[in-house]
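Peer 1: quick one, what's the 3D model for this:
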Amino acid sequence: MGFYTRRIFPRLLDLAMRNPWATRERRRLIPRATGVVLEIGAGPGLNFAHYTRSTARVVALEPSPGLARVASRRRAASGVRIDWVQGVGETLPLADVSVDTAVLTWTLCSVADPGRSLAEVRRVLKPAGRLLFVEHGRAPDAAVRRWQERVTPHWRRFSGNCHLDRPIESLIRGAGFEMVELEAEYIGLRPKTMTYFYRGVATPTPPARASANLTPREAFSMMWAP
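Peer 2: This next block holds a predicted model:
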C-alpha cells in the first residue's frame, strides 16, 4: 500500500464526496435505515451524521486504514453507535440473517467482486431486511458506455478501484434481490461517464419465488445440495 493510497487518496475522497449532490443523496437515503445496520465501504464516514434514532447500531465496514483515520472524528460525533470493522465486502464478519438494513453508497463501483459482496449482503440480511443504495454505474446510452469502458482501466488506478461501467441494477437483481424502489438517471453534472446514478431499495427475493426462476437443472442441484 503506497503513500498515495494511505495518505493522499483518503483526503481526496473525503473532499470529493462532500459535494452538494452527494450530501443531498445521503440526506434522502440514510435516515431510512433502521435496526442493526451494515454499511459496506464506510469510507470517510460521511453517512454517520444522517443516521437517526431508528438505527440501533451501525457496523461500518471499510478496508482502508487511511479512511478509518479520516472517519474517526465523524464516528465519535455520531448520535448512534458505530462499530468500525476493517474488512472487505466479499467476506463479511457477520452471522447469517443478523442485519435489518444494509447500506451501499458509492461502493459497488470499487469493491473487488461486486457479485460476491452482494451475495454476502444477501446472506446477512434478515428475510424482511432492506438494502438501501445509491451508486453510479453503466449508462443507458451506447456512446457514453463506450467512453466508460475506455476510461475505466485508467481511472480505477488512482480512484480506489472505481469502475465507471458496472451494471448496478443487474448486479443487485442477480445477487437475489427484488427492487422495491429504483430510480436511474443522469444527475445533471458532467461528464456523463461518471454521473449516471442508481438509487433505491431492494429486498431479498423470497426462497419460493427465487426457486421458481431456476432452471430444472438448478432446482435439482439445490434439492440434493449438502
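Peer 1: going forward, measure contacts and count neighbours with C-alpha atoms only.
Peer 2: Noted.
Peer 1: which residues does the longest strand along the chain contact?
Peer 2: As assigned by DSSP state E, the longest strand anywhere in the chain is strand 125-136. Counting by CA atoms under 8 Å, 6 or more residues apart in numbering, the neighbours of strand 125-136 from elsewhere in the structure are 25, 29-30, 33, 96-109, 164, 168, 194-204, 206.
Peer 1: what ranges do the strands span in the protein?
Peer 2: Secondary structure of the chain (DSSP E): strands located at 35-40, 55-61, 81-85, 99-105, 125-136, 177-186, 196-204.
Peer 1: so can I have a markdown table of these showing mean pLDDT?
Peer 2: Rendered in a markdown table, the data for the strands of the chain read as follows (pLDDT from 0 to 100):
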| stretch | mean pLDDT |
| --- | --- |
| strand 35-40 | 98 |
| strand 55-61 | 98 |
| strand 81-85 | 97 |
| strand 99-105 | 98 |
| strand 125-136 | 98 |
| strand 177-186 | 98 |
| strand 196-204 | 98 |
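Peer 1: so what's the most centrally placed residue in the chain up against?
Peer 2: With distances taken as CA atoms, centre = their mean, the residue of the chain nearest its centroid is residue 104 (2.5 Å). Listed by CA under 8 Å, 6+ apart, the contact set of residue 104 reads 39, 40, 41, 131, 132, 133, 134, 135.
Peer 1: just the residues you listed now: which is nearest residue 83?
Peer 2: Each of the contacts of residue 104 was scored against residue 83 by CA to CA, and residue 39 proved nearest at 10.2 Å.
Peer 1: quick one: the closest one and residue 57 touch, right?
Peer 2: No - under the contact definition of CA atoms under 8 Å, residue 39 does not touch residue 57, with a separation of 10.5 Å.
Peer 1: okay, the two: which has more neighbours?
Peer 2: residue 39 (28 against 18; other CA atoms under 10 Å).
Peer 1: partners of the more buried one in the sheet?
Peer 2: Judged by DSSP bridges, the bridge partners of residue 39 are residue 60, residue 103.
Peer 1: what residue ranges in this protein score low on pLDDT?
Peer 2: 1, 208-226 (pLDDT under 70).
Peer 1: where do the helices of it begin and end?
Peer 2: In order along the chain, the chain carries the following helices (DSSP state H): 3, 9-16, 20-29, 65-77, 114-124, 142-155, 168-174, 207-212, 216-223.
Peer 1: right, so those: which one is the most enclosed?
Peer 2: helix 114-124 (a mean of 21; mean count of other CA atoms under 10 Å).
Peer 1: and the angle from that one to strand 177-186?
Peer 2: Here the directions of helix 114-124 and strand 177-186 differ by 130 degrees (axes from the mean of the first three to the mean of the last three CA atoms, to 10 degrees).
Peer 1: export helix 114-124 to CSV, keeping only CA atoms.
Peer 2: Taking Å, rounded to 0.1, in the frame of the first residue of the first chain, the C-alpha atoms of helix 114-124 are listed here in CSV:
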residue,chain,number,x,y,z
PRO,A,114,-19.4,-6.8,-6.6
GLY,A,115,-21.4,-10.1,-7.1
ARG,A,116,-19.8,-11.8,-4.2
SER,A,117,-20.2,-8.7,-2.0
LEU,A,118,-23.9,-8.6,-2.8
ALA,A,119,-24.2,-12.3,-2.1
GLU,A,120,-22.7,-11.7,1.3
VAL,A,121,-25.2,-8.8,1.9
ARG,A,122,-28.0,-11.2,0.9
ARG,A,123,-26.7,-13.8,3.4
VAL,A,124,-26.6,-11.5,6.4
